[in-house]
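> Okay, structure incoming, though there's no sequence with it:
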């Protein structure tokens, strides 16, 4: 998020604090973001692997559906 006052890690933390039901997948090509994201969000490293991305999104959607029941 170049030029932004908040980076992706900060945004995912804000979302988890203010919108706890909203799921976030944080992505980055930087290793430090993965460590910072541990408490904030699910994490996908760049470059994306298509099947890993699909499975991660599917798991989040399944979790959301189960929580709604």
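Yes, it's here. All of these numbers come straight from a predicted model, not from anything done at the bench.

> So for the particular helix or strand that has residue 26 in it, mean pLDDT?
Residue 26 is part of strand 25-28, with elements assigned from DSSP states H and E. Regarding strand 25-28, the rounded mean pLDDT is 82.

> Equivalent analysis for stretch 54-68, please.
Per-residue scores along stretch 54-68 average to 87.

> now stretch 42-51
Stretch 42-51 shows an average pLDDT of 86 in the prediction.

> Sort out which residues of it are buried, please.
43, 44 (16 or more other C-beta atoms under 10 Å). Heads up, the C-betas are built off the backbone N, CA and C, glycines and all.

> how about the helices in the chain?
Under the criterion DSSP state H, the chain contains helices at 8-18, 31-37, 50-68.

> Just put the ones you listed in TSV and tack on distance to residue 24.
Formatted as TSV, the entries for the helices of the chain read as follows, by distance: least, C-beta to C-beta, whole Å:
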stretch	distance to residue 24
helix 8-18	5
helix 31-37	9
helix 50-68	9
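
> So which of the ones you listed is nearest residue 43?
helix 31-37 (4.5 Å; C-beta to C-beta).

> Find the centremost residue of the chain, please.
Centroid check for the chain by C-alpha atoms, centre = their mean gives residue 25 as the closest residue, at 1.9 Å.

> contacting residues around the nearest residue to residue 52 once chain neighbours are set aside?
Closest residue to residue 52 apart from its sequence neighbours, by C-beta to C-beta, 6 or more residues apart in numbering: residue 44 at 7.0 Å. Taking C-beta atoms under 8 Å, 6 or more residues apart in numbering, we find residue 44 in contact with 25, 26, 27, 52, 53, 56.

> Specify which member of those is nearest to residue 66.
Proximity of the contacts of residue 44 to residue 66, judged by C-beta to C-beta, is greatest for residue 56, which lies at 16.0 Å.

> Let me know how buried the closest one is, in neighbour terms.
Using other C-beta atoms under 10 Å, residue 56 is surrounded by 16 other residues.
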